[in-house]
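Undergrad: how would this look folded up:
(2 chains)
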Amino acid sequence: MEESKIKSYKVIAIGGSAGSLDIVLKIVAALPAATTSVLVLILHRKTTADSVLQYLLSSRTSLSVKEVEDKEPIQAGTIYIAPPDYHLLVEDKHTFALDSSEKVQYSRPSIDVSFESIAACFGTDALGILLSGANADGAEGMAAIKAGGGYTIAQDPASADVGYMPQQAINLGVVDEVLDVINLESKVIQYLKKI
Amino acid sequence: MLRDEELDLLLQTLIETYGYDFSNYARSSLKRRVSRLLIVDRFPSFAELFYRVKTDADYLTHFIQEITVNVTEMFRDPHVYKTLREQVLPLLATHPLIRIWHAGCATGEEVYSMAILLLEAGVLHKSLMYATDINPAVIENIKKGVFPLSAMKQYSENYIASGGKKDFSSYYTAAYDSVRFNADLKTKMILATHNLVSDRSFNEFGLILCRNVLIYFDKELQEKVFTLFDASLEKRGFLVLGAKENIRFSTIASKFTPLNKVDKIWRKVK
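TA: You can find the predicted model right below:
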């Protein structure tokens, strides 16, 4: 396929839980030095406030990596991390919002919450990627992105440390493409907006 | 998901019928709360919810409780309490009377945490903790001082991480699946409903805590509340916000200086 025929997306939202950190780091390491897309990472992790994840990501890319603060402006070419113990929402196309309400699918941040919010705001400009995990979080969010006209990719459950989470989305019939680790690493960059 | 025009209609009715103004709340979160309520209370559609809110004042109490977020915990972000213990309370202890305002106190876990800090610092007897919230229902819970037993393990760990030296369970009595905190902790609490959107300053404080409340407001309302806090803080007083909140972009920022880089505690210097 000609690269020019592949649609690119403004927002690429990646949800991951148990066993997803390694693949997230690989995807980030493969990113180009510049893009006008925005990456949003919603990863289940311990609630202790630390900057380890931000450090791990920053050391693998020249794009800027930020843990989202209240009403943080959404800037192109940036990787955003949902902070521990908050749900990450988008207030409008230019601003994030945080919410510390009840856990959803035993999770805060919840992938469903962020994906649904991104779907409602960005519609056909949203790409959702659901990775390894032992939790049912993310499947409804993938459905919302799909329903909003966006594109959805699940990690091949057979290639995941824990295949349960991407499998839930596949079972719902809301996944456009299933990719194993190697293809995730090489193909995600095709969906980024070039400068 | 709720449509924008439905939310607008609901917000308009809340102002006109009850005087509750949510129009400067962050919409993404508010929309989620109302959508959630449609499901939890099993309304077949928005029209039924709208009618119920408009016509049933008893339901309104429940509605307010559900759409405002009341999730909180004791000694949340223990490092903040450690700094309060070690750097803020020793300064406040020199005052003849320590006035503290917990703005948007929700179910009161933070107020009880503060009472424990004050007791351990030996200054509870000369302190007054004003705990306010928009939500009348949660204020009632604070008066009782009853919290779920299941949360105590986490709270105990938080307490120790905050520098607590005692046995945390000495502060409460367990009964079945809940615990009642010792009555002496609440002797210096003053509980009231207060709406940050519409109500004014009511005293001058040495310390104001407002954590994870401003995230639900838009910038305009945040600015208004910051001005209210500035007017309610004595000179050299302290303001504590949530882990991801900041006064950096507000007009009061120049009058405050952060205590350190991590705790979200500011001191009023002008």
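Undergrad: now do the longest helix along chain A: which elements does it pack against?
TA: When chain A is parsed with DSSP state H, its longest helix is helix A:111-122. Using 3 or more Cβ pairs under 8 Å, 6 or more residues apart in numbering or on different chains; DSSP states H and E, the elements in contact with helix A:111-122 are strand A:11-16, strand A:38-43, strand A:87-92, strand A:126-130, helix A:139-147, helix B:27-40. (C-beta placed from N, C-alpha, C; glycine too.)
Undergrad: now with 7 Å?
TA: Counting contacts by 3 or more Cβ pairs under 7 Å, 6 or more residues apart in numbering or on different chains; DSSP states H and E, helix A:111-122 packs against strand A:11-16, strand A:38-43, strand A:87-92, strand A:126-130, helix A:139-147.
Undergrad: right, so of those, which gets closest to B:V262?
TA: Among the helices and strands packed on helix A:111-122, the nearest to B:V262 by Cβ to Cβ is strand A:87-92 (20.4 Å).
Undergrad: quick one: contacts of the helix or strand following the closest one?
TA: Later in the chain than strand A:87-92, the nearest helix or strand by DSSP states H and E is strand A:95-99. Defining contact as Cβ atoms under 7 Å, 6 or more residues apart in numbering or on different chains, one finds that strand A:95-99 is touched by A:68, A:70-74, A:83, A:86-91, B:26, B:28-29, B:69, B:215, B:244.
Undergrad: follow-up on the earlier one: which residues sit against the longest helix of chain A?
TA: Here helix A:111-122 has contacts from A:10-11, A:13, A:15, A:40, A:42, A:82, A:87-90, A:92-93, A:104-105, A:126, A:128, A:137-138, A:140-142, A:144-145, A:148, A:150, B:1, B:28, using Cβ under 7 Å, 6+ apart.
Undergrad: list the buried residues in the helix or strand where B:Q154 lies.
TA: Secondary-structure element containing B:Q154, defined by DSSP H and E: helix B:152-161. Within helix B:152-161, the residues scored as buried using 16 or more other Cβ atoms under 10 Å in any protein chain shown are B:152, B:155-156, B:158-159.
Undergrad: go on, stretch A:21-41?
TA: Applying a neighbour-count criterion of 16+ other Cβ under 10 Å, one finds A:21, A:23-28, A:31, A:35, A:37-41 buried in stretch A:21-41.
Undergrad: closest to chain B among those residues?
TA: Proximity of those to chain B (Cβ to the nearest Cβ) peaks at A:V40, which lies at 13.7 Å.
Undergrad: excluding its backbone neighbours, what's nearest the closest one?
TA: Spatial nearest neighbour of A:V40, excluding adjacent residues (Cβ to Cβ, 6 or more residues apart in numbering or on different chains): A:A13 at 4.6 Å.
Undergrad: pretty sure the one you found contacts A:L41?
TA: No: A:A13 is beyond contact range of A:L41, at 8.0 Å (criterion: Cβ atoms under 7 Å).
Undergrad: surely B:N195 and B:D133 touch.
TA: No: counting by Cβ under 7 Å, B:N195 does not reach B:D133; the two are 9.0 Å apart.
Undergrad: so for these two, which sits in the more crowded spot?
TA: B:D133 (25 against 14; other Cβ atoms under 10 Å in any protein chain shown).
Undergrad: what pLDDT does the more buried one get?
TA: We have a pLDDT of 94 for B:D133.
Undergrad: partners of it in the sheet?
TA: B:T193 (DSSP bridges).
Undergrad: my read: it touches B:T107, true?
TA: No: judged on Cβ under 7 Å, B:D133 makes no contact with B:T107 at a distance of 8.6 Å.
Undergrad: returning to that earlier point: and the buried ones among the contacts of helix A:111-122, selectable in PyMOL?
TA: Selecting the buried subset of these in PyMOL, with 16+ other Cβ under 10 Å as the burial test, is done by:
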select buried, (chain A and resi 10+11+13+15+40+42+82+87+88+89+90+104+105+126+128+137+138+140+141+142+144+145+148+150) or (chain B and resi 28)
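Undergrad: in which helix or strand does residue 22 reside?
TA: This is for chain A. A:D22 belongs to helix A:21-29, assigned by DSSP H and E.
Undergrad: let me rephrase: I mean chain B.
TA: Short version: B:F22 belongs to no helix or strand, going by DSSP H and E.
Undergrad: ignoring the adjacent residues along the chain, who's closest to it?
TA: Using Cβ to Cβ, 6+ apart, the nearest residue to B:F22 is B:L11, at 5.4 Å.
Undergrad: and chain A, which residues reach chain B?
TA: A:49, A:69-71, A:83, A:86, A:89-91, A:97-102, A:117, A:120 (Cβ under 7 Å from any Cβ of the partner chain).
Undergrad: if we use 8 Å, what do you get?
TA: Chain A comes close to chain B at residues A:49, A:68-71, A:83, A:85-86, A:89-91, A:97-102, A:113, A:116-117, A:120-121, as judged by Cβ under 8 Å from any Cβ of the partner chain.
Undergrad: what subset of those is buried?
TA: A:49, A:68-71, A:83, A:85-86, A:89-91, A:97-101, A:113, A:116-117, A:120-121.
Undergrad: for chain B, which residues are neighbours of chain A?
TA: B:1, B:26-29, B:32-33, B:69, B:71, B:77, B:79, B:212, B:214-216, B:218-219, B:222, B:242-246, B:262.
Undergrad: can you rerun that using 7 Å?
TA: Selection of chain B residues close to chain A by Cβ under 7 Å from any Cβ yields B:1, B:26-29, B:69, B:71, B:77, B:212, B:214-215, B:219, B:243-246.
Undergrad: quick one: which of the residues you listed is most hemmed in?
TA: Greatest neighbour count in the residues of chain B next to chain A, by other Cβ under 10 Å, goes to B:L214: 28 neighbours.
Undergrad: which stretches in the stretch 101-250 of chain B count as helices?
TA: B:109-120, B:136-144, B:152-161, B:219-232 (DSSP state H, counting those that start in this stretch).
Undergrad: so how far is the longest one off the chain centroid?
TA: For helix B:219-232, the separation from the chain centroid amounts to 15 Å (computed by Cα atoms, centre = their mean, to the nearest Å).
Undergrad: kindly report the same for the first one.
TA: Taking the mean C-alpha point of helix B:109-120 and that of its whole chain, the gap between them comes to 14 Å (Cα atoms, centre = their mean).
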